[in-house]
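Engineer: Return a 3D structure for these sequence lines:
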Amino acid sequence: MFSQLKEVSKKMKIENKLCAVIFDEMALKANISFNQRRDLITGFVTNGADTKPDFSDHAQVFMLRGIVKNYKQAVSYTFSAAATKGPELAKQLKAVIKKVIEAGFIVVATICDQGTNNRQAINILMEETHAASLRLGNEPKDNTFIVDGHEIVPLYDPPHLLKCIRNNLKTKNLTYNFDGQEHIAKWDHIYELHKANPIYKGLRLVSKLTDYHVVHSKIPKMKVKFASQLFSRTVGAWVILQFCYSGYINSSPRIRSHGCQNNNPTPENFSSAFTTLLINNMSSIHAPGARMILEKIYIHL
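Structural biologist: Have a look, this model is predicted:
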């Protein structure tokens, strides 16, 4: 894989080599199977270099995503028992970034959700960079880490940030300054708007606001759309009308899917789906190396 990426990068413009490494994990169904074609037993914990005699029930996936040029390519995965711990994840992430850099790409950021292990891994890499800077007598930078001389900015993906803002607003008030004055945003503001339910000629004017957006016990915590719709421009405009112009409202008129739905695949199912993903993606116009012949599908860090 990385040798193929290296050949592709040689033909790319410098700005098209700018990329981010995205990583996330998913749950698997523990299962041991023998792959006769590859002469390999799958289902044990492995990081690509070392294998442990423990059943794996999670997969950690790493993907390359272009910043200027629109391409994406899954480059590596590992199996673990439970979620990959922070120190091990930091080691794997650093290894993947090094391989991508060696292939000729310029990694400028990492993107992940705000899981505990992800944050721990990022903090470990930032602490390593901070300590190295102090040893060299340099002024350490905040919120970045360095791998092979490349400064990398860790980012959290916007969907999870939206959910986190929503979850915090449910239990805490938000204080902010606007036009030199201090204001407070509360969950009660959204609840009151939902309860008012403004209607004009039989049509709900805030159709995006339902019990699934507002009532704590009914909110689907993992669904991003209920958080994004809650902070939509429509809801925001009506909140302003409700509380800035009081009385206006009351007076107003696929790895998870492989051939079929499979939300909890076995390690063998996952490996097969990952291989299919690579083949399909490498023959796509969105891949950095479209229509390349893969030398090796099973990726080792």
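
Engineer: The residue nearest to Val206 when sequence neighbours are not counted: how many residues sit nearby?
Structural biologist: In this structure, Val206 finds its nearest non-sequential neighbour in Trp238, 5.1 Å apart by Cβ to Cβ, 6 or more residues apart in numbering. From N, CA and C alone the C-beta is placed, and that goes for glycine too. Residues lying near Trp238 (other Cβ atoms under 10 Å) number 22.

Engineer: and whichever helix or strand Trp238 is part of, what does it pack onto?
Structural biologist: Assigned by DSSP states H and E, Trp238 belongs to helix 233-244. Counting contacts by 3 or more Cβ pairs under 8 Å, 6 or more residues apart in numbering; DSSP states H and E, helix 233-244 packs against helix 187-196, helix 248-251.

Engineer: so how far is that helix from its chain's centroid?
Structural biologist: Using Cα atoms, centre = their mean, to the nearest Å, the mean C-alpha position of helix 233-244 is found 30 Å from that of the whole chain.

Engineer: Model confidence for the closest residue in space to Leu28 that isn't next to it in sequence, exactly?
Structural biologist: Closest residue to Leu28 apart from its sequence neighbours, by Cβ to Cβ, 6+ apart: Asp57 at 5.2 Å. Looking at Asp57, its pLDDT reads 87.

Engineer: List the residues that contact Asp57.
Structural biologist: 27-30, 80-82 (Cβ atoms under 8 Å, 6 or more residues apart in numbering).

Engineer: roughly how far is stretch 86-101 from the heart of the chain?
Structural biologist: On Cα atoms, centre = their mean, the centre of stretch 86-101 falls 16 Å from the chain's centre.

Engineer: Which residues outside that stretch are in contact with it?
Structural biologist: 2, 5, 19, 21, 23, 47, 60, 62, 64, 75-76, 78, 80, 84, 107, 110, 116-125, 147-148, 150, 152, 301.

Engineer: and with 7 Å instead?
Structural biologist: Outside stretch 86-101, the residues that touch it by Cβ atoms under 7 Å, 6 or more residues apart in numbering are 2, 21, 23, 47, 60, 62, 64, 75-76, 78, 107, 110, 117, 120-121, 124-125, 147-148, 150, 152, 301.

Engineer: Enumerate the positions of the helix or strand harbouring Ala132 that are buried.
Structural biologist: Assigning secondary structure by DSSP H and E places Ala132 in helix 116-135. Buried residues in helix 116-135, defined by neighbour count with 16 or more other Cβ atoms under 10 Å: 117-118, 121-122, 124-126, 129-130.

Engineer: Quick check: the farthest pair among those?
Structural biologist: Using Cβ to Cβ, the buried residues of helix 116-135 span at most 20.2 Å, a distance reached by Asn117 and His130.

Engineer: how deep is Lys223 tucked in, by neighbour count?
Structural biologist: 13.

Engineer: and the closest residue to Gln73 other than its chain neighbours, backbone torsions?
Structural biologist: Counting by Cβ to Cβ, 6+ apart, Gln73 lies nearest to Leu64, which is 4.7 Å off, once chain neighbours are set aside. Note on Leu64: backbone dihedrals following degrees, to the nearest 10 are phi -100, psi 130.
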